[in-house]
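> Predicted structure and sequence below. I'll ask about it afterward.
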Amino acid sequence: RMQIMKIRTTLTKGNIDFEIAIKEYNSNDPTTFDILFGDTVMTLTKSEWESINNTVKRSMEFLNEMAYLNDNEK
């Protein structure tokens, strides 16, 4: 039995629609996510999606650190 879960949101002040659909989920890597960015569909594995998540987290940590350093230089 296939279950479909969809998460929808809008990114960048409404300029990009974002939708993620999970057709089936298990804790192993074969889980795939169909991700729609505007008109582009990407199918990613769980590990690929986690890698994107980690990249976003690291980039935000970097930006926050740069903002902290810049504030301390004033």
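In hand now; what should we look at?

> for residue 14, what are its contacts?
Not one residue lies near residue 14 by Cβ atoms under 8 Å, 6 or more residues apart in numbering. To be clear about C-beta, it is placed using only N, CA and C from the backbone, and glycine gets the same treatment.

> secondary structure class for the residue nearest the centre of the chain?
Residue closest to the average C-alpha location in the chain (Cα atoms, centre = their mean): residue 53, at 5.4 Å. Classification of residue 53 using DSSP: H, G, I helix; E, B strand; the rest coil returns helix.

> Next one, pLDDT for it please.
With respect to pLDDT, residue 53 scores 90.

> Report the separation between it and residue 47.
Using Cβ to Cβ, to the nearest Å, one gets 10 Å for the distance from residue 53 to residue 47.

> ok, now residue 15?
29 Å.

> in its sheet, what does the helix or strand hosting residue 43 sit against?
In the assignment (DSSP states H and E), residue 43 maps to strand 40-45. Sheet pairing of strand 40-45 (DSSP bridges) gives strand 32-37 (antiparallel).
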